[in-house]
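Asker: what follows is a predicted structure for the sequence shown.
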Amino acid sequence: MTATPATREGHGTVTRNGPLPGAFSGPDAASGPDAVSAPDAASGSDGTYDIAVIGAGVVGTAIARELARHRLRIALVDAAPDVGDGTSKANTAILHTGFDATPGTLEARLVREGHRRLTAYAAECGIPVETVGALLVAWDQEQLAALPALAAKAEANGYDAAHLLDADALYAREPHLGPGALGALAVPDESIICPFTTPLAYATQAVRAGVDLHLNAPVSAISSAPGAEQGRHTLHTARGPLHARWLVNAAGLHADTVDRMLGRSTFTVTPRRGQLVVFDKPARAFVRHILLPVPTALGKGVLVAPTVFGNVLLGPTAEDLDDKTATTSTAQGLAALRAQGARILPELLDEEVTAVYAGLRAATEEDDYRIDTWPEQRYVTVGGIRSTGLTASLALAAHVTGLLAEAGLDLGAPRALPAVRMPNLGERFPRPYQDAACIAEDPAYGQIVCHCERVTRGEIRDALDSTVPPAALEGLRRRTRARGGRCQGFHCGPTLRDLLERELAGRSGELKESRPW
Amino acid sequence: MTDGTTRDGDHARDDSARADAPAARRARTVDVLVIGAGPAGLTAAAELAAADCGTVEVLEREQHTGGIPRHCAHGGFGTPWTSGPRYATGLLRAAERAGAVVRTSVTATDLDATRTVDVTGPDGLERITARAVVLATGARERPRSARLVPGTRPAGIWTTGELQQAVHLYGQHIGSRAVVVGAEPVGYTALDTLRRAGVTVVAQVTEAPAAQVPPLRAADSRLRHGVPLLTHTTVTEILGRGRLTGIRVRHDDGRTTQLPCDTLVFTGDFVPEPELARAAGIPLDRATRGPRVDTEFRTAAPGIFAAGNVLRGAEPATTAAAEGRAAAAAVRRRLAHEGDGTHDLSTRGPALTVTAPLRWITPGRLAEDVRPADGPPFLVRTAEPRPAGAFLVVTQDGRTLHRERVRGPLRTGTSVPLPSHWTRLVDHAGGTVQVAWEGRGVG
């Protein structure tokens, strides 16, 4: 089992291959593969977890973290090789106030509460957040006329700092804005956040508090033994069975599929694709706020937003699709984005593009979250978490934990979670390459490996050594920014691959003394 | 981090550009600071150190000096011809023998217009102020994302530079079936590298109407190595999850096909690395995307020079080295006139521009005070291929200053040298100097 790092007292494990602990609890337990260590103490003597969370995106990791406050044996299971590998890695990275949610919905409440909780959590854990504020820019009379109603909606949502700006005030705030804007609604508390660090922080804290994280384990079927008392669910995964008494479905795009595995079909997920273009760092000088479109009957436009990495984001498109794997960018989508970007911020298009990506939002037929509890099945489903999951994640986790308790899960007394401090990936906060004291202590922080993003050898090492280490270059990028810049690996790619491959070889015991540090 | 959030949407980004306390940086001064230890930087440093210009220091952010030649295992570098790594070693020896201090694994992270450079290295943070700075930060190939090629984001997609490092410096596993995008010289270099790595090349595709290399080279690849060249062809989609499985391509005539492959190399489309110049507020040339310089290799910031591939993308190493040598001569003139301001005239001479199909000319401005007669020729690059037997025509305010037959065809990945002797005819008080291409039979 590639549990890394070596299990420490109270720590959960992170596994990416080998049979899951459930393989040892059935009749075949005695003849289980010899090469694999015995089931972890964390999963109980009979290999059954108290609860399994399916889906290690931003919502699933948040739920696992919240549950980890309690003395429960918890498994967090995902089909992907890394946490936050689906919708959570490809969104607009905005920490919303919820000013424009539909008042009275569960989403409105959880976004509002999640904004407050995540803002505090980010400060505590070192997740980069910049409260740059948003401007909803009106480009025609219809959009201008819609602004007062949006301001009223914000108030109905308990947000009273939104205010209208005339064209002069707007251009004073955004001098590089394209010509023709008529006014704006300012929402000063909208923020940008690191979408990668957030689920990693949750997962790190959860694992350190005892949660077992099992990756590369797509669930193909679920069988459930009857009886509320002794009954348990068996998740049939590509890595063998995993048993748990309670289940939380946080499978995002696949939440409806998992729901059906449990005999429920309360909703259907329609993936809504959003293509996005990331512009190089010099573009950051052209925009100060998140520039949001004004939603009208004619549809929603695209946004231009700074990122915490110092880039500028343009997008997303909104395309309803059938294919839950269609994270492909298209020529039409990119052309449409560039045309809209040229109007919003003409200078943007002269800058180099560093990345293009597409994410799928887990939309359902309803305009709200779909959270349902089935106490007799010991099951909670968390569906329809559309584009607000990042913001709402901590509030969702608390809400779901409450539902589980109401449904009969014995939580026991909560305890404090071990504190985590995540490596800073934010451009506006000190990074190791700028930190003399840090370099004096360890010269590896003075040796820049990824030049475009200024990532040092020390940070690469820390990521490879972390509680939830990366399995591939993409995961290393989400933990460090390495290879995420304008050159996309022209300069640093082979060096990073070398460091990662040595580490992976070391983990599997092939090259013990392979690391160059 | 003390707080975890900032709240200043209405403040300029500059606020935090130099947020670190100056005391945390060791402040030093040198006479000449060269940034980048490739052919241009090392040659400039060798010349300056040999000319007794005081302390000459070179900063290289990579672990090894040499720039791009260090991972070009093929021959064709320098005079007499040698391999890239040997050429790179020779450049380093020459610079060190002349007395230049060459440092590796140190990165210039910021530059201002008063020639102060912030540096990060394993020994800590420095703030180095120089009497003259030479930017020789080189170029990179545009990766897939910057080319806006649609599709999925699988592993197995490379640029030539990354591929060469992986094969020649690290011996990494590449794949089994490759497609190479681009038919300029660097595309053929990628074919050689793939072959050496044991990868079968399925096809080479280019949007151009023909190979942009001499006919013999193109024929060798096609016939001896059996690599089909698909011209007029665009990559329209990348396929595969996790690992690349193929690409879709479209011919100009509308035909489309799918090429199965696990490796895709985007070659050419070089762009400069001018981030430090931008940090110092130095204007860039719109056409080359590198810092705008005059024939003295002076940027708009007094005492800051630029030479080599940072000016416009990749040229042969010897071309970059020649520019480094010329920039060194200009640095010496600057140091001799330091303080009297007479050498800070980079924005005063007439500008040079090109007309279609030409893409750019570099340097893009004539020095008002120094004749470029002894310097390297101008370089002219075309946006589209053109047949041999045409002329480059230089005019100013309707007056023809020079007319020169271009020996070979114009190719997109290769520049045409334009000698500078005609510059004595330029009216320095006159308008923009225009360089145009004239087809056969015209005039």
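Answerer: Thanks, I have the structure now. Residues are numbered from 1 along each chain as shown, chains lettered A, B, ... in the order given.

Asker: hmm, who's touching stretch A:369-381?
Answerer: Contacts to stretch A:369-381, defined as CB atoms under 8 Å, 6 or more residues apart in numbering or on different chains, come from residues A:105-107, A:110, A:224, A:228, A:231, A:233, A:245-249, A:255, A:258-259, A:262, A:264, A:266-267, A:364, A:382-385, A:392, A:396, A:399-400, A:403-404, A:406-409. (C-beta placed from N, C-alpha, C; glycine too.)

Asker: in strands, which of these appear?
Answerer: When DSSP state E is applied, those are split such that A:S224, A:H233, A:R245, A:W246, A:L247, A:V248, A:N249, A:V382, A:G383 fall in strands.

Asker: for the stretch 1-150 of chain A, what lies in contact range of chain B?
Answerer: Counting by CB under 8 Å from any CB of the partner chain, the positions of the stretch 1-150 of chain A adjacent to chain B are A:119, A:122-133.

Asker: hang on, I meant the stretch 401-517 of chain A
Answerer: Taking CB under 8 Å from any CB as the criterion, the neighbours of chain B within the stretch 401-517 of chain A are A:424, A:426, A:428-430, A:433-437, A:439-440, A:443-444, A:446-448, A:451, A:454, A:472-474, A:486-491, A:493-495, A:497-498, A:501.

Asker: kindly recompute the last result at 6 Å.
Answerer: Near chain B, the residues belonging to the stretch 401-517 of chain A are A:424, A:428-429, A:433-434, A:436, A:439, A:443, A:446-448, A:451, A:487-490, A:493-494, A:498 when assessed by CB under 6 Å from any CB of the partner chain.

Asker: what's the end-to-end length of stretch A:246-263?
Answerer: End-to-end distance of stretch A:246-263: 15 Å, with CA to CA, to the nearest Å as the criterion.

Asker: what does stretch B:263-276 give?
Answerer: 33 Å.

Asker: chain center to that stretch: distance?
Answerer: Offset of stretch B:263-276 from its chain centre (CA atoms, centre = their mean, to the nearest Å): 9 Å.

Asker: what's it in contact with?
Answerer: B:108, B:111, B:137-142, B:144, B:156-160, B:163, B:174-175, B:178-182, B:184, B:186-187, B:190, B:199, B:244, B:284, B:289-291, B:310, B:313-314, B:413 (CB atoms under 6 Å, 6 or more residues apart in numbering or on different chains).

Asker: what's the answer for stretch B:107-120, then?
Answerer: A:433, A:446, A:448, B:35, B:59, B:61, B:106, B:126-130, B:133, B:276, B:279-281, B:301, B:303.

Asker: number of residues surrounding the residue in chain A that chain B sits nearest to?
Answerer: Of chain A, the residue with the smallest distance to chain B, taken as CB to the nearest CB, is A:A123 at 3.0 Å. A count of nearby residues for A:A123, using other CB atoms under 10 Å in any protein chain shown, gives 15.

Asker: show me chain A divided up by domain.
Answerer: Each structural domain of chain A that the record assigns through automatic domain parsing is listed here as a residue range: A:46-131+A:189-268+A:368-413, A:134-141+A:174-184+A:270-363, A:432-507.

Asker: can you give me the buried ones in stretch A:337-353?
Answerer: A:L337, A:Q340, A:G341, A:I344, A:L345, A:L348, A:E351, A:E352, A:V353 (16 or more other CB atoms under 10 Å in any protein chain shown).

Asker: stretch B:233-250 now?
Answerer: In terms of neighbour count (16+ other CB under 10 Å), stretch B:233-250 has its buried residues at B:233-235, B:237-240, B:244-249.

Asker: what is the nearest of those residues to B:G121?
Answerer: Top of the list for closeness to B:G121, among the buried residues of stretch B:233-250 and by CB to CB, is B:L244 at 36.8 Å.

Asker: quick one: contacts for residue 291?
Answerer: This is for chain A. If a contact means CB under 6 Å, 6+ apart, then A:L291 has A:L135, A:V137, A:V304, A:I344 as its contacts.

Asker: hmm, I had chain B in mind actually
Answerer: Residues touching B:P291, when contacts are defined by CB under 6 Å, 6+ apart, comprise B:P274, B:A277, B:I282, B:L284, B:T299, B:A306.

Asker: hang on, A:E142 in a helix?
Answerer: Yes - applying DSSP: H, G, I helix; E, B strand; the rest coil, one finds A:E142 inside a helix.
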